[in-house]
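Peer 1: Predicted model and sequence below, questions to follow.
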Amino acid sequence: MLSSAAKRFILPFTPPKSRVPIDAEVEGAAVYALAEIERMKGRGLIIKQPEERLVFLAKMGYPLWLFPRSETTYVFDGLNNFTYTMTYLELPSAKEFMVSLEANSNTREDFTAFLSDHNSYFTQPRKEKELSLTNLIVDSDFKKEFNAYRKEAVEVTGQPANFALLTPRLEEATISFVLEEIDKLRSVISEEAEMLPECLRLLNKLTSQYITELDYAAEAVKDEANAKIKAQEEVINPKIAALNSEYRRRISNVAKSFDQELETLKKLKARAEKCIEHDEGKIRLYQKEAENQASKKHGTYEKQWKERSAQTKRELNGLKKELKRLEKSIRDVTKHKTEETRKLQFELDAEAKHSRQPLRDLEITRDAKMLVFKREAEKLIKLEKPVVNGLNSIIKLEEAVKTKFEMLGIVNQQLKSPALLYVPFYVIRYQSGLSKRSIFLPPLTASTMGFAAKLKGAFSGSKIKDVFTTRFKSISALIKNVHVLAEKDSFLDDQIKALGEKNNLLNTFLTPGEIAEGLVYLRNQGWLSDKEYQVVSRSLT
């Protein structure tokens, strides 16, 4: 039943605004021409089959229910033609998560256990659920075409002339129930979606709060330990200063004793080097004198100078041995000095370290306690991360589910109450003996043709089928499906037959004269070839 509140609208069969105007008579003549051309096309295809006759040609309206909800309008197939089942994922409850989170937020221990227990709460496998939406049209291509087409609708209050409206078989109560199910589920999903950011906010707040508490606790431990360390330093630092002073004195004394010995050895070394240099000069002089005496044939003097040179060489060798001994002694003393001063430095370091051990113990205790707090904070962050990632993932999924619900209808703010909108189509019924066949024509559009195309059309085959083409692919599929549905549903077929016979345009609207005028117009526009015009015109006689 149609409620008294539901308005009715009809859509035009051809575009209301086109470059070449198409009134009702021209439209009827074009449909008649198509019907006759189709009838003659089928002539003789079946041997000994009686010639088909055109039983009726009727314009009908396919009912579509429009139900507004807020800014969305849902489109339902009025003939109760199919059932759409929407699938969606059942997502983890944000409400249950929030309740548990609030119950476990009083202590850090409870919160940490909560994070550990809910590590995979939002990433667990999700169950797919179904929602049956009786006759709701959700095809995106259809809605896109329909959203543009519906703007051409005209409201009707009574029975439109020469337009048979199919009775909707889908009742408002059924649609209301479907919409209540959508609203109920959308409400639950919306409530959950609104709670998810709050879950995320509270989760981040608690994690930040407990990390701040850990930071404060670590800072308190650090301050307390540093105070104890400072107190110990006031006692220990003077002792270490005294140790440094004592060992500096001892190292200085040791260094001085070795430096005195080194100074003596270095003086002896310098003296030896000077003597060596002197003896080497004497040897060169003695050798030169010996050579001079040899050149003068003074053998006695030559011998004396050679003996002096040999004696000096023996002394020089002794000096070189002494120099090597002195150099070794210098190295040994230097090494001994280094070892002794290093030994004293090691002793100083050991005693200073021993003296500082109480400070070191306090520092180790402080660092160990601070490390515990640091690891607790890192643990919180580590436990929070998968929960936050899961929440963010669910927020995206919730948005996808919300979008899926939003895509069930079309955006329409004008319609405030349920309405019936009728999509026009023509039914052409033929009869041949006991057999019958029908053609269902969806909304058409006509293209304009130039002079050359018109001239070509006058001498070629069928043009009208090329000129009059379907306006909308998806809506055409809806009308074609009426044919299939009528073959399966005798009630619908009987309704179409009864309405067709009652509203046969050939009896109620289109006279042969009006059709003839329309055919002339079609021929002049180049939409009907001369051959087609002649054949169709003959059918009127």
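Peer 2: Received it, and whenever you're ready, just let me know what you need. Numbers count the residues shown, from 1 in each chain.
Peer 1: from here on, contacts and neighbour counts on C-alpha atoms
Peer 2: OK.
Peer 1: Averaged pLDDT, stretch 271-285. What do you get?
Peer 2: Mean per-residue pLDDT for stretch 271-285: 90.
Peer 1: Need the residues that contact that stretch.
Peer 2: With C-alpha atoms under 8 Å, 6 or more residues apart in numbering as the contact definition, stretch 271-285 has outside contacts at 309, 312-313, 315-316, 319-320, 322-323.
Peer 1: what's the answer for stretch 110-125, then?
Peer 2: By C-alpha under 8 Å, 6+ apart, stretch 110-125 touches 91-92, 100-101, 104-105, 380, 383-384, 386-387, 390-391, 393-394.
Peer 1: just to revisit the earlier point, put the buried members of the contacts of stretch 271-285 into a ChimeraX selection.
Peer 2: Selection of buried members from those for ChimeraX, criterion 16 or more other C-alpha atoms under 10 Å:
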select :309,312,313,316,319,322,323
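Peer 1: Closest one to E194 out of the contacts of stretch 271-285, please.
Peer 2: L323 (98.2 Å; C-alpha to C-alpha).
Peer 1: For that closest one, give me the backbone phi and psi.
Peer 2: phi -60, psi -40 (degrees, to the nearest 10).
Peer 1: was I right about it contacting K269?
Peer 2: Yes: the criterion here is C-alpha atoms under 8 Å, and L323 meets it with K269 at 5.9 Å.
Peer 1: Going along the chain, name the strands of the chain.
Peer 2: 7-10, 53-69, 72-77, 83-90, 127-134, 154-156, 164-165, 410-411, 419-432, 435-441, 444-446, 468-470 (DSSP state E).
Peer 1: neighbours around the closest residue to M98 other than its chain neighbours, how many?
Peer 2: By the measure of C-alpha to C-alpha, 6 or more residues apart in numbering, the closest residue to M98 outside its immediate chain neighbours is C199, 5.9 Å from it. C199 has 20 neighbours, counted by other C-alpha atoms under 10 Å.
Peer 1: Touching, C199 and S93? I think so.
Peer 2: No: C199 lies out of contact with S93 (C-alpha under 8 Å); the separation is 11.0 Å.
Peer 1: Columns pLDDT on top of the contacts of stretch 271-285, output as JSON lines?
Peer 2: As requested, these are exported to JSON lines (pLDDT from 0 to 100):
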{"residue": "S309", "pLDDT": "87"}
{"residue": "T312", "pLDDT": "87"}
{"residue": "K313", "pLDDT": "90"}
{"residue": "E315", "pLDDT": "89"}
{"residue": "L316", "pLDDT": "88"}
{"residue": "L319", "pLDDT": "88"}
{"residue": "K320", "pLDDT": "91"}
{"residue": "E322", "pLDDT": "89"}
{"residue": "L323", "pLDDT": "89"}
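Peer 1: Among the contacts of stretch 271-285, find me the one that's closest to L206.
Peer 2: Closest approach to L206 among those (C-alpha to C-alpha): L323, at 83.5 Å.
Peer 1: From C275, how far out is that closest one?
Peer 2: 10 Å (C-alpha to C-alpha, to the nearest Å).
Peer 1: Confidence-wise, which helix or strand of the chain is lowest on average?
Peer 2: In the chain, no helix or strand scores lower on mean pLDDT, DSSP states H and E than helix 451-458, which sits at a mean of 43.
Peer 1: quick revisit: contacts only, for the residue nearest to M98.
Peer 2: 94, 97-98.
Peer 1: cool, L64 as well?
Peer 2: Taking C-alpha under 8 Å, 6+ apart as the test, what L64 contacts is 75-79, 168, 420-423.
Peer 1: got the end-to-end distance for stretch 132-142?
Peer 2: 20 Å.
Peer 1: next one: stretch 68-82
Peer 2: End-to-end distance of stretch 68-82 (C-alpha to C-alpha): 21 Å.
Peer 1: what's the answer for stretch 409-425, then?
Peer 2: Stretch 409-425 end-to-end distance (C-alpha to C-alpha) = 24 Å.
Peer 1: For that stretch, could you pull out the residues that count as buried?
Peer 2: 409-411, 415, 418-425.
Peer 1: farthest pair in these?
Peer 2: The widest separation within the buried residues of stretch 409-425 (C-alpha to C-alpha) is 25.6 Å, between V411 and F425.
Peer 1: and the residue most central in space within the chain, what pLDDT?
Peer 2: Central residue of the chain (C-alpha atoms, centre = their mean): K396, 8.9 Å from the mean position. K396 carries a pLDDT value of 87.
Peer 1: Tell me how far it lies from N389.
Peer 2: For K396, the distance to N389 - C-alpha to C-alpha - is 11 Å.
Peer 1: residue ranges with poor pLDDT in the chain?
Peer 2: Scanning the chain for pLDDT under 70 picks out 1-5, 18-21, 42-50, 413, 447-463, 541.
Peer 1: Longest helix in it, by number of residues?
Peer 2: Assignment by DSSP state H gives helix 172-295 as the longest helix of the chain.
Peer 1: now it, how far from the centre of its chain.
Peer 2: Mean-position distance between helix 172-295 and its chain equals 45 Å (C-alpha atoms, centre = their mean, to the nearest Å).
Peer 1: Ok, stretch 518-527 next?
Peer 2: That offset, for stretch 518-527, works out to 57 Å (C-alpha atoms, centre = their mean).
Peer 1: okay, now F373: neighbour count?
Peer 2: With other C-alpha under 10 Å as criterion, F373 counts 21.
Peer 1: so what's T508 up against?
Peer 2: N162.
Peer 1: Let the chain start at 786 from now.
Peer 2: I'll keep to 786 as the first residue from here, and by that count the last item is T1293.
Peer 1: Contact partners for the nearest residue to E977 once chain neighbours are set aside?
Peer 2: The shortest distance from E977 to any non-neighbouring residue, by C-alpha to C-alpha, 6+ apart, is to A879 (5.7 Å). Neighbouring residues of A879 by C-alpha under 8 Å, 6+ apart: 977-978, 980-981, 984.
Peer 1: you'd agree V860 is up against P848?
Peer 2: No: taking C-alpha under 8 Å as the definition, V860 is not a contact partner of P848, at 10.3 Å.
Peer 1: ok, A1010 - contacts?
Peer 2: Residues in contact with A1010 (C-alpha under 8 Å, 6+ apart) are 1147-1148, 1151.
Peer 1: Show me which of the residues you listed are buried.
Peer 2: With burial judged by 16+ other C-alpha under 10 Å, the buried subset of the contacts of A1010 is 1147-1148, 1151.
Peer 1: Outline the domain layout of the chain.
Peer 2: Using automatic domain parsing, the domain ranges for the chain come out as 792-876+911-955+1198-1323, 997-1191.
Peer 1: measure the first one end to end?
Peer 2: From its first residue to its last, domain 792-876+911-955+1198-1323 covers 43 Å (C-alpha to C-alpha).
Peer 1: for the shortest one, same thing?
Peer 2: End-to-end span of domain 997-1191 (C-alpha to C-alpha): 42 Å.
Peer 1: Can you give the distance from it to the centre of its chain?
Peer 2: Using C-alpha atoms, centre = their mean, the offset of domain 997-1191 from its chain centre is 60 Å.
Peer 1: Could you do stretch 1186-1197 as well?
Peer 2: Counting by C-alpha atoms, centre = their mean, stretch 1186-1197 comes out at 21 Å from the chain centroid.
Peer 1: quick one: contacts of that stretch?
Peer 2: With C-alpha under 8 Å, 6+ apart as the test, stretch 1186-1197 has contacts from 853, 856-860, 873, 921-923, 925, 928, 932, 967, 971, 974-975.
Peer 1: May I see the ChimeraX selection of the buried members of these?
Peer 2: Buried residues among those (16+ other C-alpha under 10 Å), as a ChimeraX selection:
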select :853,857,858,859,860,873,921,922,923,928,967,971,974,975
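Peer 1: so who does I1180 touch?
Peer 2: By C-alpha under 8 Å, 6+ apart, the neighbours of I1180 are 978, 981-982.
Peer 1: again with E810
Peer 2: Contacts of E810 by C-alpha under 8 Å, 6+ apart are 1295, 1299-1300, 1303.
Peer 1: can we see that at 10 Å?
Peer 2: 816, 1294-1296, 1299-1304 (C-alpha atoms under 10 Å, 6 or more residues apart in numbering).
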